[in-house]
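Asks: return a 3D structure for these sequence lines:
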Amino acid sequence: MAWSWLLVVVAGLLETGFAVCLKLSHGFTRLFPTIAFAAFALGSFGLLTLALRKLDVGPAYAVWTGLGAAGTAIYGMVFLGDLVSTLKIVSITLVIVGVIGLQLSGSGHH
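Replies: Numbers count the residues shown, from 1 in each chain. This next block holds a predicted model:
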């Protein structure tokens, strides 16, 4: 089951990649970010699909989206000039804590 959670974590990181590339593609008008978006999205969904063979869908999906959302927000603040605020940082921290809690919940098929 640890392998399945690793797949979810990597899929969540790839979700960050496809969200950032989606923005950088400017409505799919820029070639490289559009191709990168497609590659990240296929990789992310593919790894999540493999992980769901062993994990319950609720916690796995929540971890996947939580990591993707937190990663995207952090990337945006660090590299894209998105607004940085105390509330945003606290909220991202809470998402990450929730992701860790879900992963530690031991969800999986028995």
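Asks: centre of the chain to stretch 92-107, how far?
Replies: Taking C-alpha atoms, centre = their mean, to the nearest Å, the mean C-alpha location of stretch 92-107 is offset from the chain mean by 13 Å.
Asks: contacting residues around the residue nearest in space to the middle of the chain?
Replies: Taking C-alpha atoms, centre = their mean, the centroid of the chain lies closest to Gly68, which sits 2.1 Å from it. For Gly68, the residues meeting the contact criterion (C-beta atoms under 8 Å, 6 or more residues apart in numbering) are 12-13, 15-16, 19, 44. The C-beta positions use only the backbone N, C-alpha and C, and glycine is treated the same way.
Asks: okay, it: pLDDT?
Replies: As predicted, Gly68 sits at a pLDDT of 96.
Asks: for it, helix, strand, or coil?
Replies: Judged by DSSP: H, G, I helix; E, B strand; the rest coil, the three-state class of Gly68 is helix.
Asks: quick check on the closest residue to it other than its chain neighbours: phi, psi?
Replies: The spatially closest residue to Gly68, leaving aside those adjacent along the chain, is Glu15, at 3.0 Å (C-beta to C-beta, 6 or more residues apart in numbering). The phi and psi values for Glu15, taken as degrees, to the nearest 10, are phi -60, psi -40.
Asks: follow-up on the earlier one: whichever of the contacts of Gly68 end up buried, select them in PyMOL.
Replies: In PyMOL, selecting the buried portion of the contacts of Gly68, with burial taken from 16 or more other C-beta atoms under 10 Å, looks like this:
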select buried, resi 12+13+15+16+19+44
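Asks: so where is this protein shaky, pLDDT-wise?
Replies: Per-residue confidence for the chain (pLDDT under 70) gives these ranges: 106-110.
Asks: can you map out the strands along this protein?
Replies: In the chain, no strands are defined using DSSP state E.
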